[in-house]
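> test case, fold it:
(one chain, ligands or ions: 1)
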Amino acid sequence: MANAIIVGMQWGDEGKGKIVDLICPAFDAVVRFQGGHNAGHTVRFADRHFSLHLIPSGILHGDTRCVLGNGMVVSPEAFFAELDRLVEAGVETAGRLFVSDRAHALLPWHVELDRAREEARGVHAIGTTSRGIGPAYEAKASRHGLRLGDLGSSDLEAKLRVEHARVAAELAALGAPEPTPDGDLARLSREWAERLEPFLADTEVALAEWIEEGASLLFEGAQGALLDLDHGTYPYVTSSSSTAGGACTGSGVPPTAIGGSLGVLKAYTTRVGAGPFPTELEDDTGDYLRRRGNEFGTTTGRPRRCGWLDTVVARYARRLNGTGSLALTKMDVLDHLDEIRVCTAYEIDGETVRSLPADLAKLGRAKPVYRTFPGWQQDTVGVLEYDQLPKPARDYVRFIEDEVGARVDLVSTGPRREETIVREGGALHDLLGERFTNVLDARGA
Ligand code: IMP
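Here you go, the predicted structure:
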């Protein structure tokens, strides 16, 4: 049984949380490899709702081990807040939750910088989650960041003093309030270091040992391919590698240990924040998708921009992630539309283009070329068998498979774990091997 990567195929919010929750029983450990608490999903467990942003939802599954990998930026405050809620609900984390000592600390200064920079960008704001993600990764890349393992170091005060001067100068130039004093941060950092100590680990070594012992790992990507720092719609992206390649650098596991990837694709498209979105619907249909799909951010509550499915985007994401298997989510949101459109290509300056241009100005001029499908106008909520989907819905799925070049192995027909069609005999079945039955069991009859 191979290790697998799960990734978003659009601009995030594809419903990865639900799919991870469903397939998690086929794995021994879940590993986050990028991002921070900009991600988020709500999971229902023991009649309670948990909003998880940093800790994988695998923590709610029996003895599944969970890892926050080196590629993440971790806010100790956000981590402890999540941990407290889990402990309060009686979730056992000792010996199951591991945090890389190489992951970078996301400090209050990074949040202060994120907000001030966005404010200063005015109409060109990226629309970040204001969690400090960009500044934390920037500190890492420019080599003056603090890793979680450094929070209790003997030269902490000196490092923070130097960093404080740098942050204060930038905030002053932006006309923003002064940063949190470095003395306060030094005190907090020492407290964090002490509380983090039982969780910190050389996770690269732990993962290598688990692989050696035959454990199977699920690498959980946050955000989506089109928000990837390199491959996304730059600069309207997040600051980490959210495509499958990031799983290796962000966890220290070699590519040879990975068996394949599962791409999560929403049956329509959404995006939060600014940036190009060729199939965006700024009309009643867009409002309808937002309402029926409850398209409001888990992390920030912001309304999401909504539009038709874009297979130019999905093909691009399939190629980047090498995924042969798709989970199609929120299919039921389309149930009562008269007609459904899918973008198959763009028309840019009189030319038909089937791949995503890097040039944002060009992408901004892209006019979607649509294929129109009749709506099925029938409830699919909770349908469990593929054959029981209305014929027009199956035609829609089939078209997506052909256009994107990957099999739809899971179809989500409602928010609950049980509301999922699990198709046997596809790439996901091959990837999971015997453990495919764990997914069927988790779904229930
Ligand atoms: P940042 O990651 O907070 O820097 O935000 C950069 C861009 O990524 C913004 O457009 C955000 O809306 C978007 N983004 C970040 N995290 C998520 C997510 O989990 N889902 C959807 N969009 C996200």
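> how many neighbouring residues does residue 146 have?
21 (other C-beta atoms under 10 Å). All C-beta atoms are positioned from the backbone trio N, CA, C, and that covers glycine.
> same check, this time on residue 372
10.
> what's the pLDDT at it?
Note for residue 372: predicted pLDDT of 97.
> which of the three states applies to the residue lying closest to residue 444 once chain neighbours are set aside?
Using C-beta to C-beta, 6 or more residues apart in numbering and skipping the chain neighbours, the partner closest in space to residue 444 is residue 418 (4.9 Å). Using DSSP: H, G, I helix; E, B strand; the rest coil, the structure places residue 418 in coil.
> same check on residue 344?
Applying three-state DSSP: residue 344 is strand.
> list the helices and strands the helix or strand residue 77 falls within packs on?
Using DSSP states H and E, residue 77 maps to helix 76-88. Applying 3 or more C-beta pairs under 8 Å, 6 or more residues apart in numbering; DSSP states H and E, one finds that helix 76-88 makes contact with strand 48-52, helix 182-196.
> which positions in that helix come out as buried?
For helix 76-88, a neighbour-count test (16 or more other C-beta atoms under 10 Å) marks 76, 78, 79, 82, 83, 86 as buried.
> and residue 328, what are its phi and psi?
phi -100, psi 120 (degrees, to the nearest 10).
> residues in contact with residue 86?
50, 55, 59, 93 (C-beta atoms under 8 Å, 6 or more residues apart in numbering).
> of all of the stretch 1-150 of the chain, which residue lies closest to the ligand?
residue 12 (2.7 Å; C-beta to the nearest ligand atom).
> surely that residue and residue 224 touch.
Yes: between residue 12 and residue 224 there is a contact under C-beta atoms under 8 Å: 4.3 Å.
> ok, the spatially most central residue of the chain to the ligand distance?
Residue closest to the average C-alpha location in the chain (C-alpha atoms, centre = their mean): residue 222, at 1.9 Å. To the ligand, residue 222 is 6 Å away according to C-beta to the nearest ligand atom, to the nearest Å.
> mind listing what that residue touches?
8, 12, 16, 32, 34, 35, 38, 39, 242.
> same list (those residues) but as JSON lines, adding pLDDT and secondary structure.
Compiled in JSON lines, the contacts of residue 222 are given as follows (pLDDT from 0 to 100; DSSP: H, G, I helix; E, B strand; the rest coil):
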{"residue": "8", "pLDDT": "98", "secondary structure": "strand"}
{"residue": "12", "pLDDT": "95", "secondary structure": "coil"}
{"residue": "16", "pLDDT": "94", "secondary structure": "helix"}
{"residue": "32", "pLDDT": "97", "secondary structure": "strand"}
{"residue": "34", "pLDDT": "98", "secondary structure": "coil"}
{"residue": "35", "pLDDT": "98", "secondary structure": "strand"}
{"residue": "38", "pLDDT": "95", "secondary structure": "coil"}
{"residue": "39", "pLDDT": "92", "secondary structure": "coil"}
{"residue": "242", "pLDDT": "98", "secondary structure": "coil"}
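> sorry, back to before: joint contacts of residue 12 and residue 224?
Joint contacts of residue 12 and residue 224 (C-beta under 8 Å, 6+ apart) are residue 242.
> burial measure for the residue of the stretch 1-150 of the chain closest to the ligand, as a count.
Counted with other C-beta under 10 Å, residue 12 comes out at 29.
> contacts only, for it.
39, 222, 223, 224, 227, 242, 271, 272.
> and if you look at residue 195?
76, 80.
> next: residue 59.
52, 66, 86, 91, 93, 96, 97.
> for it, helix, strand, or coil?
With three-state DSSP as the criterion, residue 59 reads helix.
> OK, contacts around the closest residue to residue 26 other than its chain neighbours?
Distances taken as C-beta to C-beta, 6+ apart place residue 435 nearest to residue 26, at 3.9 Å, with adjacent residues excluded. Going by C-beta under 8 Å, 6+ apart, residue 435 touches 1, 25, 26, 27, 216.
> near the ligand, which of those residues show up?
Applying C-beta under 6 Å from any ligand atom, the subset of those adjacent to the ligand is empty.
> return the backbone torsion pair for residue 117.
Residue torsions, per degrees, to the nearest 10, at residue 117 are phi -70, psi -40.
> what's the neighbour count on it?
19.
> okay, it: pLDDT?
98.
> nearest spatial neighbour of it, chain-adjacent residues omitted?
Nearest one to residue 117, counting by C-beta to C-beta, 6+ apart, is residue 174 at 6.9 Å.
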